[in-house]
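>>> Let's see this in three dimensions:
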Amino acid sequence: MRNAACWHWLWLAKESRPSAPPLTPAVGRPNQNRSNPVYPRDMEISIITSNVSADFLSPPGVPTWDERKLLYAQVLRNAQPSLIGLQEVTPRQLQFLREQLPEFTALTVPVTDPDPDLLATWQAKYAQFGLPQIPDPYEIILFYQTAIFELLATGYWWLSPTPDRPSIGFGNTAPRVVLWAHLQHRASSRAFFVFNTHIDHRCTRAMVDLCRERLMAFATATASLIFIGDMNFNPGDSNYASLISDNWRDSHEAADAPGAATFLYDLPNIPGGRIDHIFYRGDGLTPRMWTRLLPPDPERRVSDHDPVYVRFSIEE
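Predicted coordinates for the structure are as follows:
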């Protein structure tokens, strides 16, 4: 959720399912620099990261949540992902998406004992949207297909100087958090750590540095790591280079996909271009396709960010 003060000019402050339209992958192709054998579906995983755009916001050119929610759910379902990482999800949106994705289990972040400074800052900024209290659960969701994965463990940390408590402190007004899950792929018995986040564009460096520090503790494990989210930096940014220097790999580059912006707008002082990422680290995963997901009618946007989809093969 972007700072209302910075975006005041930008934001205007169970239905039956219709038959789903065909999926439109806007960008993406298998890597042409390596052979691409056909992999059994049970030896692949597919991942979506998507900033939903909170239901109290109305980005220019994007319908209201009630107008776009069925189409948004169709885009997710039609891609047949095994894992979905979402950002900017309010409790009302979460309830709707749970109903639309019954084969998935949702992991969430509770708001427990928030810092008083956070509460005061939140109320000052977001009461105008009818949100005097911080939404609980808070904005970051991981959906995983229950038939595909077994959940081994889950946890989270807040992107602040006090990461074990809901808090701010890096220059952001809305709290930011990393939600992680340790999942075992049932068909292959391979285990993965998946991390989902929404990094603030005002304090990207501090949040990325904290993520790098915390992620390194997981890098000693034998499991592969997957780091996804709206990260508010593009490949030309030094934060991107920092992650790559830690041996993270960009699935977009590994899949040899054409360049594509994932954020709708080109604004001063706001990162643009490809800012929604799916990084991975360790052995055992090979990206076979990277794509943006669009509805059949490109004039009917589902969010101010295009959902990003990556298909990985699981290597022996």
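
>>> Quick one: end-to-end distance for stretch 142-156.
Stretch 142-156 has an end-to-end distance of 11 Å (C-alpha to C-alpha, to the nearest Å).

>>> So which bits of that stretch are buried?
Residues of stretch 142-156 classed as buried: 142-145, 148-149, 154, 156 (neighbour count, 16 or more other C-beta atoms under 10 Å). The C-beta positions use only the backbone N, C-alpha and C, and glycine is treated the same way.

>>> Can you add secondary structure and pLDDT and give these back as CSV?
Listed next are these as CSV, based on DSSP: H, G, I helix; E, B strand; the rest coil; pLDDT from 0 to 100:
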residue, secondary structure, pLDDT
L142, strand, 99
F143, strand, 99
Y144, strand, 99
Q145, strand, 98
I148, coil, 98
F149, strand, 98
T154, strand, 99
Y156, strand, 99
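
>>> can you put these in JSON lines and add distance to F170?
Output for these, formatted as JSON lines (distance: C-beta to C-beta, whole Å):
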{"residue": "L142", "distance to F170": "23"}
{"residue": "F143", "distance to F170": "28"}
{"residue": "Y144", "distance to F170": "29"}
{"residue": "Q145", "distance to F170": "34"}
{"residue": "I148", "distance to F170": "35"}
{"residue": "F149", "distance to F170": "32"}
{"residue": "T154", "distance to F170": "24"}
{"residue": "Y156", "distance to F170": "17"}
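
>>> Out of the residues you listed, which comes closest to A221?
A221 lies nearest to T154 out of the buried residues of stretch 142-156, by C-beta to C-beta, at 14.8 Å.

>>> Report the contact partners of the closest one.
Going by C-beta atoms under 8 Å, 6 or more residues apart in numbering, T154 touches 107, 142, 179-182.

>>> mind redoing it with 10 Å?
Residues near T154 by C-beta atoms under 10 Å, 6 or more residues apart in numbering: 107-109, 142, 144, 179-183, 194.

>>> all strands in the stretch 51-200 of the chain, in order from the N-terminus.
83-89, 104-107, 139-145, 149-158, 177-185, 191-198 (DSSP state E, counting those that start in this stretch).

>>> Tell me the strands beside the fourth one, with direction?
So the one you mean is strand 149-158. Applying DSSP bridges to the sheet, strand 149-158 is found paired with strand 177-185 (antiparallel).

>>> Next, give me the two most distant ones among the buried residues of stretch 142-156.
Across those, the longest distance by C-beta to C-beta is 22.0 Å; it joins I148 and Y156.

>>> Could I get the average pLDDT for stretch 213-231?
The pLDDT scores in stretch 213-231 average 92.

>>> isn't L183 right next to L142, touching?
Yes. At 9.1 Å, L183 counts as touching L142 under the criterion of C-beta atoms under 10 Å.

>>> Please enumerate the shared neighbours of the two.
83, 107, 151, 154, 194.

>>> Out of those residues, which is nearest to I314?
L83 (12.8 Å).

>>> So, low pLDDT: which residues of the chain?
Along the chain, segments meeting pLDDT under 70 span 1-41.

>>> Identify each of the helices in it and give its residue range.
Using DSSP state H, the helices of the chain run over 65-78, 91-100, 116-126, 204-218, 238-245, 251-254.

>>> and the fourth one, which residues are buried?
Along helix 204-218, these residues count as buried under the neighbour rule (16+ other C-beta under 10 Å): 204, 206-208, 210-212, 215, 218.
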